[in-house]
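S.K.: sequence and predicted model, in that order:
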Amino acid sequence: MREPQNIRAVEEAVHPDMMGFIFWEGSKRNVTAVPEYLPQCTRVGVFVNPTAEYVIEKVKAFGLGAIQLHGGESADFFRTIKERTGLPIIKAFSVSDAADLANTTQYEDVATLFLFDTKCKCVGGSGEQFNWDILQHYKGNTPFLLSGGIGPGDEEKVRRWRHPRWVGIDLNSRFETSPALKDKEALVKFTKSLSPTLS
């Protein structure tokens with residue numbers, strides 16, 4: 001999210017648990033200034049291989065309630081960020097096959113949530129889906145969010161899917177009218193159809 005009117009409209013209509021703010025220059029959704037309005041829900045700062053100082057700067061400026069690390073950050077870096085901010089940390093993993101899940105074990109003790117996204121040349125936001133059945137090979141204890149190209153038309157697929165550690169979904173590029181601008185009506189329709197599944 002980035003535009004203040006859009007942030008407010010989506011928050012009032014959808015009531016999400018979290019909203020993401022991307023702090024990475026390589027993204028079309030990069031946030032460079034604090035919006036005039038910030039949501040009351042948990043604000044998640046999304047970073048790619050940042051320095052600890054950069055993360056802390058954004059935590060203070062945006063009042064972040066959680067941090068998502070989407071690069072190749074080490075488990076030691078997670079410990080440093082956790083010690084210095086006290087915030088929950090989401091670790092994103094790019095997935096194309098079961099072998100990609102092996103890397104999760106080193107983050108079990110330092111991440112609050114995992115996020116499984118589609119492996120692609122870009123860093124997230126591809127709008128493409130991976131085969132969710134791969135995640136049946138995930139036997140870890142850390143709960144996770146399902147991400148990667150979830151969009152309008154996937155309601156039934158999400159309703160049918162199950163995993164004991166699955167706790168939510170990440171909705172992004174397929175609900176955009178342009179980068180960082182969400183289609184409120186599409187989000188309302190989608191989330192209302194899933195309310196029994198996600199409650």
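M.R.: The structure has been received and is ready for your questions. Here the structure is a predicted model, which is why all the values come from computation and not from measurement.
S.K.: could you use CA atoms for every contact and neighbour count after this?
M.R.: Fine.
S.K.: now the helices for the chain?
M.R.: For the chain, applying DSSP state H gives helices covering 4-14, 52-62, 75-85, 155-160, 184-198.
S.K.: using a markdown table, lay out those helices together with mean pLDDT and mean neighbour count.
M.R.: A markdown table is the format used below for those (pLDDT from 0 to 100; neighbours: other CA atoms under 10 Å):
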| stretch | mean pLDDT | mean neighbour count |
| --- | --- | --- |
| helix 4-14 | 97 | 16 |
| helix 52-62 | 98 | 14 |
| helix 75-85 | 97 | 16 |
| helix 155-160 | 93 | 12 |
| helix 184-198 | 85 | 15 |
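S.K.: any chance of these in a markdown table, with distance to residue 115 too?
M.R.: A markdown table is the format used below for the helices of the chain (distance: least, CA to CA, whole Å):
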| stretch | distance to residue 115 |
| --- | --- |
| helix 4-14 | 21 |
| helix 52-62 | 19 |
| helix 75-85 | 15 |
| helix 155-160 | 16 |
| helix 184-198 | 16 |
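S.K.: relative to residue 171, which of the ones you listed is closest?
M.R.: For the helices of the chain, the distance to residue 171 is smallest for helix 184-198, at 8.4 Å, taking CA to CA.
S.K.: other SSEs contacting that closest one?
M.R.: helix 4-14, helix 155-160 (3 or more CA pairs under 8 Å, 6 or more residues apart in numbering; DSSP states H and E).
S.K.: and the first one, how far from the chain's centre?
M.R.: Between the mean C-alpha location of helix 4-14 and the chain-wide mean there is a distance of 17 Å, by CA atoms, centre = their mean, to the nearest Å.
S.K.: which residue is nearest the centroid of this structure?
M.R.: residue 170 (5.3 Å; CA atoms, centre = their mean).
S.K.: spatially nearest residue to that one (excluding sequence neighbours)?
M.R.: Spatial nearest neighbour of residue 170, chain neighbours left out: residue 147 (4.9 Å); criterion: CA to CA, 6 or more residues apart in numbering.
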